[in-house]
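Trainee: I would like to see how this sequence folds:
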Amino acid sequence: MDAVILGGAENSGSLKKSADARYEAQIEITGRPMIDFVVAALEKLECIDRVVVVAADEVAAGLKGKKIWKVVPPGPDMVESLHRALRFLRQGGHVLVLSSDIPLITAEALRDFLRQCQEREADIYYSLVPRRVIEERFKGVQRTYVRLKDGIFTGGNVVLINPEAVLAYSHYLRQAIQLRKHPLKLCRLLGIKFFLKFLGGRLTVAEVEVRVEELIKLKGAGVISLHPEIGIDVDKPSDLQFARAVLEQRATCS
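Mentor: Next up, the predicted model:
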């Protein structure tokens, strides 16, 4: 299996107040660029053969990983960046896609996610992490949650995709990515009946899967992970402060 790390975002948002790196992937945590933690987790996965890094040359230059196969310059947005990477990988099977801003990620969390994906057939596997799992392990971290009949979840930062299918339906993917931090707006794409069920907390993961397949002919699967690291990214100063504290503690313990 191949993997793609998306690390092309410029550090132009709120994180710039806490770190002056040109790109978010370069922001240092315990003396290492944030993206390096993602590379290290993939290096430990026996099932990963090649890693494509979507990032500027100055980001990729300092990376060390035997599995890094190709560096691709980022596009104007996340979807185009993903497309550029997938065009090199269209002849294979499913591809694991990760953002570069998840420095807490572990090989164990990724193994469990991939193991669950093997239990079902789908074009897109999307990770979900229960709120209770986040709060039990990492108290105080702020995430965006959605209430479904199955429970309260935050969206993960790891997906497994069929490249051919995703490239064919990029319009819907772009909409979903643009609205990923706005659950209400995202749910409206499913239609009024599903939107009302969502408002009432009666919408299930299975219903979302069926509706997505009806709308865009892609079979999706929601994968519930009990590894909180999958659901924690760094996109604001408080996230960075939290990640630094956790990783400094890990380094001390090891």
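Trainee: alpha carbons only for contacts and neighbour counts from here, please
Mentor: OK.
Trainee: mind jotting down where the helices sit in the protein?
Mentor: With DSSP state H applied, the chain shows helices at 34-43, 57-60, 78-86, 107-117, 131-137, 163-168, 170-178, 183-188, 192-199, 205-216, 237-253, listed in chain order.
Trainee: by mean pLDDT, show me the worst of these.
Mentor: Set side by side, those differ in mean pLDDT, and helix 170-178 is lowest with a mean of 66.
Trainee: tell me which residue is most central in this structure.
Mentor: Ranked by distance to the mean C-alpha position of the chain (CA atoms, centre = their mean), the top residue is residue 157 at 1.9 Å.
Trainee: and residue 137, how far from residue 246?
Mentor: According to CA to CA, to the nearest Å, residue 137 stands 11 Å off from residue 246.
Trainee: again, but for residue 209
Mentor: Counting by CA to CA, the gap from residue 209 to residue 246 is 34 Å.
Trainee: repeat for residue 217
Mentor: 41 Å.
Trainee: circling back to that earlier point, do I have it right that the residue nearest to the centre of the chain meets residue 100?
Mentor: No. Residue 157 lies out of contact with residue 100 (CA atoms under 8 Å); the separation is 9.2 Å.
Trainee: need the overlap of contacts for these two.
Mentor: Taking CA atoms under 8 Å, 6 or more residues apart in numbering as the contact rule, residue 157 and residue 100 have no neighbour in common.
Trainee: what's the neighbour count on residue 166?
Mentor: Neighbourhood size, residue 166 [other CA atoms under 10 Å]: 19.
Trainee: any idea how far apart the tips of stretch 67-78 sit?
Mentor: Terminal residues of stretch 67-78 lie 22 Å apart, using CA to CA.
Trainee: what sits up against that stretch?
Mentor: Contact with stretch 67-78 is made by 6-8, 43, 48-57, 60, 80-81, 84-85, 177, as judged by CA under 8 Å, 6+ apart.
Trainee: same thing with stretch 55-62?
Mentor: Stretch 55-62 has contacts (CA under 8 Å, 6+ apart) with 6, 7, 8, 23, 25, 26, 53, 71, 72, 73, 74.
Trainee: buried sites along it?
Mentor: The neighbour-count check on stretch 55-62 (16 or more other CA atoms under 10 Å) flags 55, 56, 59, 60 as buried.
Trainee: likewise stretch 26-46?
Mentor: Buried residues in stretch 26-46, counting neighbours by 16+ other CA under 10 Å, are found at 26-29, 33-43.
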